[in-house]
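> Sharing a model prediction with you, sequence too.
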Amino acid sequence: MQTLPTDLRIAVLLPCYNEAATIVSVVHAFRTALPLARIHVYDNNSTDETALRATLAGAVVTRETRQGKGHVVRRMFSDVDADIYVMADGDGTYSAADAPALIATLIAERADMVVGTRRGVKADAGRQGHAFGNRLFNRLYRTLFGNDFTDIFSGYRVFSRRFARSFPAVSGGFEIETEMSVHASRLKLPVCEMPLDYGRRPEGSHSKLSTFRDGGRILWMFAMLMKETRPFTFFGAISTAFMASSLIFMAPVLVEYFETGLVRRMPTWVLSVALMMISFMMFTAGLILDSLARARAEQLRLHYMALPSSAFLSVAVAVSMPASAEPVQGETSDVRSAAA
């Protein structure tokens, strides 16, 4: 059992949409695991008794009318003031008993975010499309944004106050976890991962994810975040594509010109020159926007540094860490097992 400081303000945040079948047991589980925490349930236009049952279970219930998990997270971070934020789902797939270990890791590692990576996500996903999408997008994330995270879609996360107050939360749906990960990687915030068991949904609870719709939205979010955070790479790839197309159209015209001294395929030549000009424009745009992106990242970092660090991160706190914990050197740590 983890020994946590008793003077911490801990808030448990549970975004919910039609989770009446599980929300009572989830609230009670977090109340048992974190008896001093305040439980907040954010109801996202549920059509069942989620809000009523959460209220009767003792949670603070707030309604968010904008549909989508991203809107709920934005509202939660705006409304709730705490030292530590624990975010989980209301479907019971994440064990509340792991919350003290996640919080202890946040304190011991002086991190701004700890992600509970999912061991059994493939079994719970049910459809192979979900499991394949998880592997594909995690690999794509590591290629585009770095190796800070191995499970960017985990909804079980613990945040410091600094993270919650510096996170812009512009996403509207399930891609919000991706935005959180990119935010941490972009500002080089200290983060950790802790592998945890991922449960199966109980009878009567159903996943809200759509393989193709939400997969497309996440892919679009990847592109937008790439454009905003790494514009030179983004526009450089577009520039390269236009240049390759230009050279393909230009090559036979140049060969003919050097052989005969004539340009008989004038439309093709004009098209190839236009594509080359667009390529140069994209390259120039990438250079300019890269400088702006760097300046914006510096401003975000300065804003983050201006926020007061939580008191529990400023002093040495005696906590019982898992004996098998193996923090990785550097700003990102990976705690290999949770405490009992």
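In hand now; what should we look at? Numbers count the residues shown, from 1 in each chain.

> measure the residue lying farthest from the centre of the chain to R157 for me?
What lies farthest from the middle of the chain is T260; by C-alpha atoms, centre = their mean that is 58.7 Å. Distance of T260 to R157, computed by C-beta to C-beta, to the nearest Å: 67 Å. The way it works is simple: take the backbone N, C-alpha and C, and place the C-beta from them, glycine included.

> sorry, back to before: for L247, see how far away the residue farthest from the centre of the chain is.
According to C-beta to C-beta, T260 and L247 sit 20 Å apart.

> Flag every buried residue along stretch 44-56.
Buried positions in stretch 44-56, judged by neighbour count with 16 or more other C-beta atoms under 10 Å: N44, S46, E49, T50, A51, R53, A54, T55.

> Out of the residues you listed, which is nearest to P252?
The nearest member of the buried residues of stretch 44-56 to P252, counting by C-beta to C-beta, is N44 at 57.4 Å.

> quick one, what contacts the closest one?
In this structure, N44 makes contact with P15, C16, Y17, R63, E64, Q67, G68, K69, H71, V72, judged by C-beta atoms under 8 Å, 6 or more residues apart in numbering.

> Now the buried members of these.
If we count by 16+ other C-beta under 10 Å, the contacts of N44 have these buried: P15, C16, Y17, E64, G68, K69, H71, V72.

> how about those residues in JSON lines, adding secondary structure and pLDDT?
Below are the buried ones among the contacts of N44 laid out as JSON lines (DSSP: H, G, I helix; E, B strand; the rest coil; pLDDT from 0 to 100):
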{"residue": "P15", "secondary structure": "strand", "pLDDT": "94"}
{"residue": "C16", "secondary structure": "strand", "pLDDT": "93"}
{"residue": "Y17", "secondary structure": "coil", "pLDDT": "92"}
{"residue": "E64", "secondary structure": "coil", "pLDDT": "93"}
{"residue": "G68", "secondary structure": "coil", "pLDDT": "88"}
{"residue": "K69", "secondary structure": "helix", "pLDDT": "90"}
{"residue": "H71", "secondary structure": "helix", "pLDDT": "93"}
{"residue": "V72", "secondary structure": "helix", "pLDDT": "93"}
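
> pLDDT of the host helix or strand of L136, averaged?
Element membership of L136 [criterion: DSSP states H and E] is helix 128-145. Summarised as a single mean, pLDDT over helix 128-145 is 79.

> what does the helix or strand following it rub up against?
Moving toward the C-terminus from helix 128-145, the next helix or strand (DSSP H and E) is strand 157-160. With contact meaning C-beta under 8 Å, 6+ apart, strand 157-160 is reached by 83-87, 99, 102-103, 105-106, 111-116, 167, 177, 180, 309-310, 313.

> Type out the ChimeraX command that picks the buried ones from these.
Those of the contacts of strand 157-160 that count as buried under 16+ other C-beta under 10 Å are selected in ChimeraX with:
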select :83,84,85,86,87,99,102,103,105,106,111,112,113,114,115,116,167,177,180,310,313
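
> Which of the contacts of strand 157-160 fall within helices?
Among the contacts of strand 157-160, DSSP state H puts A99, L102, I103, T105, L106, E177, M180, L313 in helices.

> where does the stretch 151-300 of the chain dip in pLDDT?
By pLDDT under 70, the weakly predicted segments of the stretch 151-300 of the chain are 199-212.

> Where do the helices of it begin and end?
161-166, 176-187, 211-229, 231-260, 266-306 (DSSP state H, counting those that start in this stretch).

> was I right about T55 contacting T62?
No. Judged on C-beta atoms under 8 Å, T55 makes no contact with T62 at a distance of 10.6 Å.

> Turn the buried ones among the contacts of N44 into TSV, including distance to M305.
Listed next are the buried ones among the contacts of N44 as TSV, based on distance: C-beta to C-beta, whole Å:
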residue	distance to M305
P15	29
C16	34
Y17	36
E64	30
G68	31
K69	29
H71	28
V72	28
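
> quick one: which of those residues is nearest to M194?
Closest approach to M194 among the buried ones among the contacts of N44 (C-beta to C-beta): P15, at 20.7 Å.

> who does that closest one bridge with?
Residues in a beta bridge with P15, per DSSP bridges, are Y42.

> Surely it is in contact with G90?
Yes. Proximity of P15 to G90 meets the contact threshold set by C-beta under 8 Å, at 7.0 Å.

> Kind regards, and thank you for your time.
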